[in-house]
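J.: using only what follows, build the 3D model:
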Amino acid sequence: MSSTVSFSRRVLSWFNKHGRHDLPWQKNTTPYRVWVSEIMLQQTQVSTVIPYYKKFMRRFPGLKQLAGADIDEVMQYWAGLGYYARGRNLHKAAQVLMQQYKGKFPGSIDQVIALPGVGRSTAGAILSLSRGERHPILDGNVKRVLARHQLIEGWTGKPVVMDLLWGISDDLTPKKNAAEYNQAMMDLGATLCTRSKPACERCPLSNDCKALAHDRVAELPTPKKQKVLPVRETVMLVIKKGEKLLLEKRPPAGIWGGLWSLPECESKDDIKEFCKSDLGLTVKQKDGLDHWHHTFSHYRLNVTPVQLQVKDVNQKVMDVDRYAWMSLKQQKELALSAAVKKLKDL
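T.: Numbers count the residues shown, from 1 in each chain. Take a look at the predicted model:
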């Protein structure tokens, strides 16, 4: 038996006994259902995704419902999952599928890769898991398993390392049972070959894992060199008029893109002038609120929340497409990020 065949057989045998077989997207495995799950699972753990996925599928059970929905409503169901470009791209791709493919998922992997928010690994997973087609995948979990088993050094995001891992993944993916194998590899990385404290003693690949043999499991995959995150400062304004809160809809691109947030200004010294010139409001500052921070992938945001009381509404009319007074009931129906939800209740 070749080492390649042995590898896939051990992985499949382990999966049959210990893999995850009852995830929501493993039932009625249509391309649409698998696609939504794969997008949600990008950079997000299964346990976090499951409740969001169930709620999302109840509201958008098929392509037609997702493509026809307003982006604000789609983002409301995405709020809290983070990486909001994924939700916007999901909506865009649904519209492409309805317009260009008559509501059907394309059969060519290149056509799937071309959809907004879908890369090679995600496309392979969609076609493999939903249709049983043989396509290699290389998500974060699979990269970790292969880098350790084959003792591949170097940050996995480097093109030369990525190409090497893609070649290995392609070689090891079996012609039959590709769907089960790909799910098994993702499960293996998520449950045994974890970043920290991997369960090597229970791994079906431990006998010929080169990283284990050389006592280098903890070193691999080679981490990306960490950069010192820049720090940004902002002042978030908690402006209330009676029971209503003033919210601002953020631009489509950038942090919390397309979601409703709190108005911001650069410093506390600018608050009154900003409120008067941009919002047409005369305000009185109330007691200070605790500072707060949020870490994004590329910078750290330090937030100074300030609570304000409206004294007078000037003649100037604020941009009605950008700002709106929202009651508590209305806020529950808006797409708010988890970070902003924390602030608006202060």
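
J.: may I see the buried residues of stretch 187-198?
T.: 187-193, 198 (16 or more other C-beta atoms under 10 Å). All C-beta spots, glycine's among them, are computed from the backbone N, C-alpha and C.

J.: let me know how buried the closest residue to Arg195 other than its chain neighbours is, in neighbour terms.
T.: In space, and not counting its chain neighbours, Arg195 is closest to Arg144: 7.1 Å by C-beta to C-beta, 6 or more residues apart in numbering. Arg144 has 21 neighbouring residues, counting by other C-beta atoms under 10 Å.

J.: circling back to that earlier point, of the buried residues of stretch 187-198, which belong to helices?
T.: In this view, the buried residues of stretch 187-198 that belong to helices under DSSP state H are 187-191.

J.: for Glu243, state which of these is nearest.
T.: Among these, Ala190 lies closest to Glu243 (C-beta to C-beta), at 44.6 Å.

J.: surely the closest one meets Val46?
T.: Yes: when contacts are counted by C-beta atoms under 8 Å, Ala190 is listed as touching Val46 (6.7 Å).

J.: report the secondary structure state of Pro136.
T.: Per DSSP: H, G, I helix; E, B strand; the rest coil, the secondary structure class of Pro136 is coil.

J.: as a check, name the ranges of all strands in this protein.
T.: Counting by DSSP state E, residue ranges of the strands within the chain are 231-241, 244-249, 260-261, 264-265, 281-288, 292-295, 300-313, 323-326.

J.: any idea how far the fifth one is from the chain center?
T.: The chain centroid and the centroid of strand 281-288 are separated by 36 Å under C-alpha atoms, centre = their mean, to the nearest Å.

J.: again, but for the second one
T.: The gap between the average C-alpha position of strand 244-249 and the chain average comes to 25 Å, counting by C-alpha atoms, centre = their mean.

J.: which among the ones in helices among the buried residues of stretch 187-198 gets closest to Asp321?
T.: Distances from Asp321 to those, taken by C-beta to C-beta, are shortest for Ala190, at 42.3 Å.

J.: residues in contact with the closest one?
T.: Applying C-beta atoms under 8 Å, 6 or more residues apart in numbering to Ala190 gives the contacts 45-46, 141.

J.: so what's the residue count around the residue nearest to Lys55 when sequence neighbours are not counted?
T.: Counting by C-beta to C-beta, 6+ apart, Lys55 lies nearest to Tyr77, which is 6.3 Å off, once chain neighbours are set aside. Tyr77 has 19 neighbouring residues, counting by other C-beta under 10 Å.

J.: tell me which residues touch Leu151, please.
T.: By C-beta under 8 Å, 6+ apart, the neighbours of Leu151 are 210-211, 214, 216, 220.

J.: buried members of those residues into ChimeraX, please.
T.: For the buried members of the contacts of Leu151, the matching ChimeraX selection, counting by 16+ other C-beta under 10 Å, is:
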select :211,220
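
J.: what's the closest of the contacts of Leu151 to Asp278?
T.: Looking across these and measuring by C-beta to C-beta, the closest to Asp278 is Leu220, at 51.3 Å.

J.: verify the contact between that closest one and Ala211 for me.
T.: Yes: assessed by C-beta under 8 Å, Leu220 is found in contact with Ala211 at 5.1 Å.

J.: which residues do the two both contact?
T.: What both Leu220 and Ala211 touch, as defined by C-beta under 8 Å, 6+ apart, is the set 147-148, 151.

J.: same list (those residues) but as a markdown table, adding pLDDT.
T.: Listed next are the shared contacts of Leu220 and Ala211 as a markdown table, based on pLDDT from 0 to 100:
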| residue | pLDDT |
| --- | --- |
| Ala147 | 98 |
| Arg148 | 98 |
| Leu151 | 97 |
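
J.: where does the chain have low pLDDT?
T.: 1-2, 314-318, 338-339, 343-346 (pLDDT under 70).
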